[in-house]
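Undergrad: this is a predicted model, with the sequence first.
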Amino acid sequence: MRYLLRERFLGACFGGVIGEQLSKQEPISIDKIKSNQVSWLEINQEIMTQIPLHFDQSLSWEDLPINSGEKITISELALAVFPLILYYHDNLHQLEFLLHQSAQYWQIPWSNLDGILWWSTAISLVLREKLDPEDLWRQLTVSSEFFSTSLSDNLGNLQILFDRGLSITEVTTELSLVVTPDNLPFILSLYCFYQTPENFTLAMKQAMNVKRQTTDLLALTGFLSGAYNSRTGLPVNWEKFCHNGDNYQKICHLGRRVFALWSGVYVPGNHVNISAIVATPRTLQNRSDLTIISQKEYESN
């Protein structure tokens, strides 16, 4: 089903926060982003001030409110840089470059980026209205040509594994034998989405059934399923989790602002009504110096 891109951006943002809040309802011990760090939502706000980035630029992590003396996982990195994933959803080469730059700063091995690259590819397909959930793994295999990943050859094996009708616990056990702990949350989030793509609630409940639940898995699943179903497809009663202080307005502002930046009608520091952005094809987004997927698709139609 087609939705406004702005609503997909908002769905991703709200879905991620819903996932994070749901994980805090669990009675078990949950691994959270370190207490001496600010939440990913606050980091997102700072990252927005650096977009857009040219191909020869990297993200200035030194300017972000994160303790550089602490290690972060690749899942935490994904939550922190999510505005980049939204903004560069149609320019996967640039996105890969920025993810590698960020991983280098935090001394994360490049081999641990496979999961986030697959997950980002799925989000890219969703935002470009190109994703066929039933054909997810073949589409990821084709799209993996944009990235240099060591896991690409295993996508077919994952398709077989996921189609065997195993429970989420059994899938988690088998994946743990072949997937690194850093990549596991991303692959599990893809699985939870793959099982019930049209139903945000069931996808989240699937993620909640994973033993040793982490904040990252629910947030990653919420981002992906939220992007696919858009904000209009999120359960109204679940959105109440976002009504915490001024977070609700921050989430709305984040989704609308990154969409406005991507559209080319908003420049940081200038005022614009980013709540109502409508444009015809070719009117906005004058970025001819970039190799952008959506422009190729538009020109081929």
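TA: Noted; the coordinates are in hand.

Undergrad: I123 and Y87 touch, don't they?
TA: No: counting by Cβ atoms under 8 Å, Y87 is not a contact partner of I123; they are 11.6 Å apart. (Glycine included, C-beta is placed from N, CA and C.)

Undergrad: report the contact partners of L254.
TA: 13, 41, 44-45, 48, 83 (Cβ atoms under 8 Å, 6 or more residues apart in numbering).

Undergrad: can you flag the buried ones in the residues you listed?
TA: Burial by neighbour count, 16 or more other Cβ atoms under 10 Å: within the contacts of L254 this picks out 13, 41, 44-45, 48, 83.

Undergrad: flag the least confident of these.
TA: Taking pLDDT as the measure, the buried ones among the contacts of L254 have their low point at L41 (75).

Undergrad: what's around the nearest residue to it once chain neighbours are set aside, how many residues?
TA: The spatially closest residue to L41, leaving aside those adjacent along the chain, is K250, at 6.0 Å (Cβ to Cβ, 6 or more residues apart in numbering). Look at K250: counted by other Cβ atoms under 10 Å, it has 19 neighbours.

Undergrad: ok, K250 to N112 distance?
TA: Relative to N112, K250 is positioned 29 Å away (Cβ to Cβ, to the nearest Å).

Undergrad: quick one: residues contacting S189.
TA: Taking Cβ under 8 Å, 6+ apart as the definition of contact, the neighbours of S189 are 119, 207, 217, 220-221, 224.

Undergrad: tell me the one of those nearest L53?
TA: Top of the list for closeness to L53, among the contacts of S189 and by Cβ to Cβ, is W119 at 20.3 Å.

Undergrad: my read: the closest one touches A219, true?
TA: No: here W119 does not reach A219: they are 11.5 Å apart, not a contact under Cβ under 8 Å.

Undergrad: hey, where'd the strands end up in the chain?
TA: Under the criterion DSSP state E, strands are not mapped anywhere in the chain.

Undergrad: distance from the chain centre to the helix of greatest length in it, please.
TA: Longest helix of the chain, by residue count under DSSP state H: helix 5-23. When C-alpha coordinates are averaged (Cα atoms, centre = their mean, to the nearest Å), helix 5-23 and its chain have centres 10 Å apart.

Undergrad: one more: stretch 178-191?
TA: On the basis of Cα atoms, centre = their mean, stretch 178-191 sits 14 Å off its chain's mean C-alpha point.
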